[in-house]
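Undergrad: pasting the structure only:
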């Protein structure tokens, strides 16, 4: 067997188990009298409160704090406020902070601000800042950061700008980092002009733009492909003595590479030296990746070989990028040369390298080479992972080596490198393609027993094969199994089964399933409605077709000629062209306009039923009205 020479799947190393010891003193301290606990001073009080709050016992913690009286310092009160916040009792935390008998500090209020922001209550968080000021306690910068970050996340950047303006109006001292959060949010949401506007407005908030501010706007301009504006912005950075840094160039060059603008990349590299920046390995990896995606493998290889002259040693990421591109282009000789170069340059191959090669060999049906490669992985200290084995399994299935695929899959299950849902689905697909239904059912049972539950893709694939073979009863049983395993049917599931039942002449069951689908809140699409309409009309059940059409709420589907054509085609196959014409009239009255396919179906049907002259007259008229193309006249023998 081919699998006999495969190395065993990866064995995971021993896992470190992190354990946290529970403080045994907590419960005893809570049940005992509070006086002994307080004798050790405020430090012991705050430690007791933290322990009780950590155990979720905020009531006991509050009782201990009250019993402490004047012995409790601000640290103890802060611990109680934080405990309330962790327990979700923000209102209680605010009430306590308002009546703390000792002078509060910023850490009294910080947990409250953080909790309010986590709940999206930005206005309340700003009110807490006012409460702090009334008690003579100045907010700290991290509070502003939390509030602004929450505003960006919850209400969008415009809400965040309003928060900035409100904070500035109240006299809070903002810093550039706070404003950069908003600039970044603006640019990431594609509104770079508003980002530029805020950049210009930073002095209004008492801040000066820094390189982070400019880099955020530069990224926005690159996303919008406004290369000229990006260049102008970099010139401005130099003019205001905020020169571009390596992040600036990495951002610019990354986006230029993604857009295939390598001439501009060359210019950017030249600019780097002017600003004292040196291209790093990450930048060259980005450039090589962009060049490979454009199909310029020779150029990428040349850059790779020149990197040592730039003072950089290519890493495995750079080599893997070029290797993958060469394998994708099926340029195996050059790929082998690159591998030899990796050995010469003392660049160790990693799991990604081998996975690239495994995929290439499998795609080209070179199963024997795959087995050799897996053995070489072990020699290089690389262990095949689930991706490696799944790739090999897929290669086996494509070559029709289903038994080998099953054996490899089951050998994985017995080790730590367990197959995933994708691994099983690939083998199941191979078994279904070979019509080995019993084996497929057994494998799915094995899959569930191993704790790897099938997903909708697995079930849908299996059902599709069964329905194509007319085995709809088995497909329905599979649906029941799907539900038993807690896997919810989706649009594809219902569409596959409805189509299969309809083609098998089980229109009543298909109709019931359509109603079940709708009752579960899943809206049928055009394909499902067309399948159902075709099945019903093929049995002459036009009343059901009309009932279904009237129930459709989506105007796009109601007006689509595909649905109309499915019914007309089925009726014409039953030699009921007159009813097909009646249905066409009904559909037109409901806003569904016929297309060329509609008329083609009807003309063919008329001719097949012996109404050749009528068909020719209709075709001639439709061509004269440019409803159908003239080539159809020759197709029907009309000149």
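TA: Noted; the coordinates are in hand. Quantities reported herein were computed from a predicted structural model and do not represent experimental measurements.

Undergrad: show me where pLDDT drops low in this protein?
TA: Applying pLDDT under 70 to the chain flags residues 1-42, 155, 413-416, 621-622, 624-639.

Undergrad: Quick check: residue 563 touching residue 532?
TA: No - counting by Cβ atoms under 8 Å, residue 563 stays clear of residue 532, with 9.6 Å between them. Just so you know, the C-beta spots here come from the backbone N, C-alpha and C atoms, and that holds for glycine as well.

Undergrad: which helix in this structure runs the most residues?
TA: Ranked by residue count under DSSP state H, the longest helix found in the chain is helix 141-169.

Undergrad: Which strands and helices lie in contact with it?
TA: If contacts are counted by 3 or more Cβ pairs under 8 Å, 6 or more residues apart in numbering; DSSP states H and E, helix 141-169 sits against helix 106-118, helix 122-134, helix 176-188.

Undergrad: Quick check: buried residues in that helix?
TA: Residues of helix 141-169 classed as buried by neighbour count (16 or more other Cβ atoms under 10 Å): 143-153, 157-161, 163-164, 166-168.

Undergrad: As CSV, the helices and strands packed on helix 141-169 with distance to residue 491 would be great.
TA: CSV is the format used below for these (distance: least, Cβ to Cβ, whole Å):
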stretch, distance to residue 491
helix 106-118, 35
helix 122-134, 39
helix 176-188, 32
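
Undergrad: How about the backbone phi and psi for residue 294?
TA: Backbone torsions of residue 294, given as degrees, to the nearest 10, read phi -90, psi 0.

Undergrad: how close does it sit to residue 447?
TA: For residue 294, the distance to residue 447 equals 42 Å [Cβ to Cβ, to the nearest Å].

Undergrad: These two: who's more crowded?
TA: Under the criterion of other Cβ atoms under 10 Å, the comparison of residue 294 against residue 447 puts residue 447 first, with 22 against 14.

Undergrad: which non-adjacent residue is nearest the more buried one?
TA: residue 424 (4.6 Å; Cβ to Cβ, 6 or more residues apart in numbering).

Undergrad: Equivalent analysis for residue 588, please.
TA: Of all residues not flanking residue 588 in the chain, residue 594 sits nearest, at 7.0 Å (Cβ to Cβ, 6+ apart).

Undergrad: Which stretches in the stretch 1-150 of the chain count as helices?
TA: Taking DSSP state H, counting those that start in this stretch, the helices of the stretch 1-150 of the chain run over residues 25-31, 34-38, 42-54, 58-68, 74-86, 90-99, 106-118, 122-134, 141-169.

Undergrad: Most tightly packed of those?
TA: Highest mean neighbour count among the helices of the stretch 1-150 of the chain (mean count of other Cβ atoms under 10 Å): helix 74-86, with a mean of 23.

Undergrad: Would you mind listing the residues in contact with the closest residue to residue 236 other than its chain neighbours?
TA: Nearest non-adjacent residue to residue 236, counting by Cβ to Cβ, 6+ apart: residue 214, 7.8 Å away. By Cβ atoms under 8 Å, 6 or more residues apart in numbering, the contact set of residue 214 is 199, 233, 236-237, 242, 244, 248.

Undergrad: And these, which of them are buried?
TA: Buried by 16+ other Cβ under 10 Å: 199, 233, 237, 242, 244, 248, out of these.

Undergrad: Include secondary structure and distance to residue 525 when you put these into CSV, please.
TA: Shown next, in CSV, are the buried ones among the contacts of residue 214 (DSSP: H, G, I helix; E, B strand; the rest coil; distance: Cβ to Cβ, whole Å):
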residue, secondary structure, distance to residue 525
199, helix, 46
233, helix, 46
237, helix, 51
242, coil, 54
244, coil, 50
248, helix, 47
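
Undergrad: Select, out of the helices and strands packed on helix 141-169, the one closest to residue 485.
TA: Closest to residue 485 of those is helix 106-118 (Cβ to Cβ; 35.9 Å).

Undergrad: and the closest one, what does it pack onto?
TA: On a contact count with 3+ Cβ pairs under 8 Å, 6+ apart, helix 106-118 meets helix 74-86, helix 90-99, helix 122-134, helix 141-169.
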